[in-house]
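Novice: Sequence below, structure please.
(chains A and B)
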Amino acid sequence: MNTQNPKKDTKPKISERRRFLTIMAQSVGLSALGGLIWTGYVEEAKASPLLLRPPGALPEKDFLRMCIKCGQCAEACPYDTLLMAKPGDGLPMGTPYFIPRDIPCYMCTDIPCVPPCPTGALDQKSVSSVVDGKEELDINKAKMGLAIVDHESCIAYWGIQCDACHRACPLLDEAITLEYVRNERTGKHAKLIPVVHADYCTGCGLCEHACVTEKAAIFVLPRDVAMGKPGDYYVKGWSKKDQERIKQRDLSKLETKTKVSERSAVDALNAGDEELFDE
Amino acid sequence: MSSLFKIRYLLLRRFTQIGLLFLYFGANAYGWKVLTGTLSSSTLFQTIPLADPFAVLQMLSAGALLGIDVFIGAAIIVLFYGIVGGRAFCSWVCPVNMVTDLANWLRRKLLLDKAERKVWVSRNARYWVLVLSLVVSAVTGLAAFELVSPITIFNRGVIFGMGMTGGVLAAIFLFDLFGIKNGWCGHICPLGGAYSLIGRLSLIRVRHNQPNCTLCMKCKEVCPESQVLFMIGKESTTVNMGECVNCARCIEVCDDDALGFGIRDFATSKAKGEKR
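Specialist: This next block holds a predicted model:
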């Protein structure tokens, strides 16, 4: 047989062992390729910060870890506020969110969306307060986002009388207050300017829903996005609460990068100016 | 009537698949309290938690400290399929099965297997994808397959609105029709892989009665995991490989009463059943 087809012999042959190793290498290599693409996709997909989550949701990173995408929160919502991200929404797939301009959170006092969560991605403790030694649901503790006013498009800032957001706010005169500011243009009127207070605002979005401008001039953003952070170097010396904040900082992480000058304060002020004197 | 009898299990499977979707849909649309949630995690009769064990595994791999409910739910599912159902989730529950079955049916009708060029992917690829999804979950801190799973995307689409879900299903349909025969369910899907492992030792199995067999091979033609039917015409035993989805198509197409449901034959499973 072999003599009839000498070419066959010249083909390189590999052992079973080598075949096994090659196939394993191929499988591992292709898995690594798939893993890189997959990881890249997941990292991109979860990086959409402008999302409002249901009440009691953990911080976004933990929420994405914990949400099993069962939709039981959305099903429990009596107002169809909560949506489940679907293909085409460009949001982390299958996670609940809401668009307050369409349907805001009406802040049900019994918070039907939180208890059905099977994983704890919606944390019941964070929207409960202790009343008479018993833990009771308290929607006012929700921190879904923070309302922001665009001074340019808010017609109250123009001097036109509008308090739609203020009246829509479930925590009226706490989360949104009206400030009276003299209208310099007319010289005889007041502007009633809405001011949002982050300590009280739950981010329910009823203000955004009620806003009369074409595109809402008051709108809810996730608190991470909407808020700055003064850091540990600035303290309200007149506020006990703020001083507590500073006391709780982690001193082990505090480091000074600038070298402290070795010269005395007086020297630093007077050194190097000898040439200024005539003598 | 006999033609209906020929697809009795198929009709029953479509009934459970569509019926479950209907219950989920009704829970959201009309407030029915029978089965709330989605295939990822549900609540039965407002009391019994159910959870997708593979989703829970990914979330654990992503570092989530989960509530007790999902563990109980996942345990119930694992016990049911592990002891009773085998890999029945794939053919009796999973809605994507309807899409891939349609693709496979068209493949047979259009004789695509005879004409098209073959693309080869190992049927073990799903186990690689399974491990990979756990690795990617650990790296990204997010259940990786759950983010892209067409099963739950389809499921949620029916319940909460489809959006672009049709595109995802079309991709799978085209892959199975023109790409690889049973490509998604039989090669890639890591959830199918997970249920293959969970259902490895389950009791309800397809039983082959060899003396009746005329070697027509209709069963192998219709089987989505035809490698599990290696004993056809050779010996009387049960189909013990975990990859069998218990869809019972083989039982229906058999004209010779050589196949039926039975209880796992443990004796042969040890001797020959686990052979690949």
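
Novice: Touching, A:Asn183 and A:Ala190? I think so.
Specialist: Yes. With contact defined as CB atoms under 8 Å, A:Asn183 reaches A:Ala190; the gap is 6.2 Å. For glycine as for every other residue, the C-beta is placed from the backbone atoms N, C-alpha and C.

Novice: Quick check: neighbours shared by these two?
Specialist: Between them, A:Asn183 and A:Ala190 share no contacting residue under CB atoms under 8 Å, 6 or more residues apart in numbering or on different chains.

Novice: so how far is chain A from B:Leu130?
Specialist: 11 Å (CB to the nearest CB, to the nearest Å).

Novice: Correction: the previous question concerned B:Asp256.
Specialist: The spacing between B:Asp256 and chain A, counted by CB to the nearest CB, is 39 Å.

Novice: do B:Gly242 as well
Specialist: B:Gly242 is 20 Å from chain A, where distance means CB to the nearest CB.

Novice: quick one, what contacts residue 82?
Specialist: Let's take chain A. Taking CB under 8 Å, 6+ apart as the criterion, A:Leu82 is in contact with A:Pro54, A:Cys73, A:Ala74, A:Pro96, A:Tyr97, A:Phe98, A:Cys113.

Novice: oops, chain B please
Specialist: Neighbouring residues of B:Gly82 by CB under 8 Å, 6+ apart: B:Ile198, B:Gly199, B:Arg200, B:Leu201, B:Ser202.

Novice: The last one against B:Phe80, yeah?
Specialist: Going back to what we said before, that points to B:Ser202. No. In this structure B:Ser202 lies outside contact range of B:Phe80 using CB under 8 Å: 9.1 Å.

Novice: So which of the two has more stuff around it?
Specialist: Counted by other CB atoms under 10 Å in any protein chain shown, B:Ser202 and B:Phe80 do not tie: B:Ser202 has more neighbours, with 22 against 16.

Novice: what are the phi and psi values for that one?
Specialist: phi -70, psi 160 (degrees, to the nearest 10).

Novice: OK, contacts around it?
Specialist: So B:Ser202 contacts B:Tyr81, B:Gly82, B:Ile83, B:Val84, B:Gly85, B:Gly86, B:Arg264 (CB under 8 Å, 6+ apart).

Novice: try 6 Å
Specialist: Neighbouring residues of B:Ser202 by CB atoms under 6 Å, 6 or more residues apart in numbering or on different chains: B:Gly86.

Novice: give me the low-pLDDT residue ranges for the chain?
Specialist: Because you didn't say which chain, this covers chain A. Scanning chain A for pLDDT under 70 picks out A:1-9, A:254, A:263-271, A:274-275, A:278-279.

Novice: could you do chain B instead?
Specialist: Flagging of chain B using pLDDT under 70 yields the residue ranges B:1, B:116-117, B:267-276.

Novice: Let's see that with 80 instead.
Specialist: The model of chain B has pLDDT under 80 over residues B:1-3, B:111-120, B:265-276.

Novice: How about the residues of it by chain A?
Specialist: Counting by CB under 6 Å from any CB of the partner chain, chain B comes close to chain A at B:27-28, B:36-38, B:40-41, B:49, B:55, B:62, B:64, B:66-67, B:69-70, B:128, B:132, B:136, B:139-142, B:144, B:146-147, B:156, B:160, B:163-165, B:168.

Novice: SS state for the spatially most central residue of chain B?
Specialist: With distances taken as CA atoms, centre = their mean, B:Cys90 lies nearest the centre of chain B, 1.5 Å away. When classified by DSSP: H, G, I helix; E, B strand; the rest coil, B:Cys90 comes out as helix.

Novice: still on that earlier bit, out of the contacts of B:Gly82, which are buried?
Specialist: Among these, those that count as buried by neighbour count (16 or more other CB atoms under 10 Å in any protein chain shown) are B:Ile198, B:Gly199, B:Arg200, B:Ser202.

Novice: Thanks a lot, see you next time.
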